[in-house]
Structures are given as structure tokens and as C-alpha cells.
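Asker: I would like to see how this sequence folds:
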Amino acid sequence: MNTYLGIDVGGTSIKYGVYDKYGNEVKKGKDKIRTPKYDMSKFIKSIKLIMDECGPVEGVGLSVPGCVNPNSGYIQDGGSIRILDKVNIKYILEKELEIKVEVENDANCALLAEKWIGNATECSNFVCITLGTGIGGALYINNGLVSGNNYFSGEFGYMILDNIHEKYRLKTLNKTSSTVSFVREIANKKGVNSRSLDGVSVFDMIQNKDDEVLELYKMWIRRIAICIYNVGFIVDPEKILIGGGISNQPIFIEDLKSEMKRLSIELIKETGKIENLYKKWNIGPCKFFNDSGQIGAIYNYIVRNEI
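Answerer: As a prediction, the model looks like this:
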């Protein structure tokens, strides 16, 4: 049986696993590896260690953040991983690993996983929004992935939220609303090191009704809901799927839907519109939660090599 290695390089950690051509997991990665963000030699060494653990395989599907040309493997902008700026990672890894490699943007990979064997198999038009170190996204319109002329399509994290006074720095969605920025906000409020907290510990505080955390949480949910509403009105999709580790928290999805309802009521009062469109956008989590990237990377490999 031919197998393929899916590697999802995130801003914080690298996740990976071995799959067959139908998307069945054959071997799960032993552990997450911290992403080497400032040293290319360490980055390549990490990928080699993963190969040694998971091989032999027929090929490698790679999911990375930023502006990626999936045809050439060239990364114009590495997003949260600056060592990937202006690098042809496909060429480098194929030379180092001596194996075929296909590369695609991480949010696009999450979307491809959902279209392949996830929660959007029947959709012709849907959106994925991924929450993590930054906020990514991907669009599937009229039965096709939208890459954009410069491969920047779906980079919702660059949305400008506020700059009323020119003397202030721009507030983008990445800076104010990523999971990492939310955790950092809470750490600052609590006077602790942000490295001592993660999404799980923060949601424990939310479940325990910590008033300070709940206040910041409501503001964070509001910003994400506004992003979803903006995207929804631009695309008007069948579904909007939320990816990233945070999507594994049922309370988050329910609270997000509640905030969308509140926004809808405010919009109806403001505009006179009577339809609650957000209900028709069927907001929900990605099926594979934090594994979507590596599964989508496999699918990208399979499609590009016509397997």
C-alpha cells in the first residue's frame, strides 16, 4: 500500500502523519515539534527527523503559512515563519529528502481536507477560516479553490479593523484576534508569562467563570464574529468552517454563533434588512480540527500527481 507523509508547519509547532490515498491515517506523528522560525538549517533538520520517523513513503505533502505558489513551490511571504520568505521550499526539500514534495498554503490545505473527506464534500461554495498564531482563510468558489492572482486570497488576518487616527498603528485582525494574541491579552491581564498559558488553560478559566477572562473573551469573540460577517457578505457561501486548535472547543463554536445572532439583530436594526443570513452560512468547525492542514497537504499531493 502506497502511503504519503503530511506535514503541517504552524507558527508554533509542526504536526504530521502518514496517510493512504483515501485519507485514512496509517501512522500518527509521535509528537508535535516546535517550529524553528529563525534558522533554516534547523527547519530542514526537523523535517528530516520526521521523515526518518515516518518513512518510507511515496511522497510528502507540505502545508505552510503565507503566500505560496503551489505550482513552483516558491514562498513569497512566509507569514509567521520569516525564514520561509522568498524561498523555494519545494526545491530545497526535494533536494534534501530525495523525494517528491508538494507545497500549499496552510489554510488552503485545511479547506482541501474539508472538501475531500470533511464537512464540505457536497459544497460548491464555502469558506474556511483558521485561527492560530495568525488568522488565515481559504475560499472555494464555483467548485474550485481560489488562489488569487498573487496567491494571497483568503488572508483574512490582514483585514484592517481600525485606524481612525493616522498617528496610531494599524489594527489588523492578526494583531487583535488571533488565538495567540488572545492568550497574550489574558496573560497581560493576569500578570503572567504568556508562555505559561495556552488555549486549553484559557478555556479552563472561561469554564470556571473567571470574570476578567470572560470580559476579554467576549471582546475577542466579537472581533471574530465581525470578520465572519464581513467574509460572509462578500462570498455568501453555503458553509463557513472554522479551523485551528480552538475549533475543538465546543463552547467556542456555540458562543460564536450566539455572537453572530447578536450582530444580526444589530444589523437588522441598522439597515432594515429582515433576513438572518448568518444562519444560511452554516457556521461550524472543520471536521479534522487541528489535523486539517496535514490531511489537506496529502490531498494536494494526490491531486497534483494525479494519483
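Asker: lowest-confidence helix or strand of this protein?
Answerer: In the chain, no helix or strand scores lower on mean pLDDT, DSSP states H and E than strand 160-162, which sits at a mean of 78.
Asker: Next secondary structure after it?
Answerer: Using DSSP states H and E, the helix or strand that follows strand 160-162 towards the C-terminus is strand 171-172.
Asker: tell me what the helix or strand that that following strand is followed by is packed against?
Answerer: Per DSSP H and E, the first helix or strand lying C-terminal to strand 171-172 is helix 173-177. In this structure, helix 173-177 makes packing contacts with strand 135-141, strand 160-162, helix 211-235, judged by 3 or more C-beta pairs under 8 Å, 6 or more residues apart in numbering; DSSP states H and E. From N, CA and C alone the C-beta is placed, and that goes for glycine too.
Asker: Of all the residues in helix 173-177, which ones are buried?
Answerer: For helix 173-177, a neighbour-count test (16 or more other C-beta atoms under 10 Å) marks 173-174, 176-177 as buried.
Asker: now swap in stretch 225-234 and tell me
Answerer: Neighbour count says stretch 225-234 has 225-229, 231-232 buried, by 16+ other C-beta under 10 Å.
Asker: Would you mind giving the helices and strands packed on helix 173-177 as TSV with distance to residue 49 added?
Answerer: Formatted as TSV, the helices and strands packed on helix 173-177 follow (distance: least, C-beta to C-beta, whole Å):
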stretch	distance to residue 49
strand 135-141	26
strand 160-162	39
helix 211-235	35
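Asker: Would you mind finding the most buried of the ones you listed?
Answerer: strand 135-141 (a mean of 25; mean count of other C-beta atoms under 10 Å).
Asker: Show the subsequent helix or strand relative to that one.
Answerer: Next along the chain from strand 135-141, counting by DSSP H and E, comes strand 144-146.
Asker: which residues are contacting that following strand?
Answerer: 108, 111-112, 138-140, 153-154 (C-beta atoms under 8 Å, 6 or more residues apart in numbering).
Asker: What degree of burial does the closest residue to residue 68 other than its chain neighbours show, as a neighbour count?
Answerer: Among residues not flanking residue 68 along the chain, residue 105 sits closest, at 4.5 Å (C-beta to C-beta, 6 or more residues apart in numbering). Neighbour count for residue 105, taken as other C-beta atoms under 10 Å: 32.
Asker: need the contact list for residue 105.
Answerer: 63-68, 70, 136, 138, 151, 154.
Asker: make it 10 Å
Answerer: Counting by C-beta atoms under 10 Å, 6 or more residues apart in numbering, residue 105 touches 63-70, 75, 79, 111-112, 136-138, 145, 147, 151-155, 293, 296, 300.
Asker: ok, what's across the strand from it?
Answerer: residue 64 (DSSP bridges).
Asker: the residue most distant from the middle of the protein, which is it?
Answerer: Distance to the chain centre peaks in the chain at residue 272, reaching 34.3 Å (criterion: C-alpha atoms, centre = their mean).
Asker: Quick one: residues contacting that one.
Answerer: Contacts of residue 272 (C-beta under 10 Å, 6+ apart): none.
Asker: Would you mind giving me the confidence score for it?
Answerer: pLDDT, residue 272: 71.
Asker: Pick out the residue closest to the middle of this structure.
Answerer: residue 130 (3.1 Å).
Asker: How is that one assigned, secondary-structure-wise?
Answerer: strand (DSSP: H, G, I helix; E, B strand; the rest coil).
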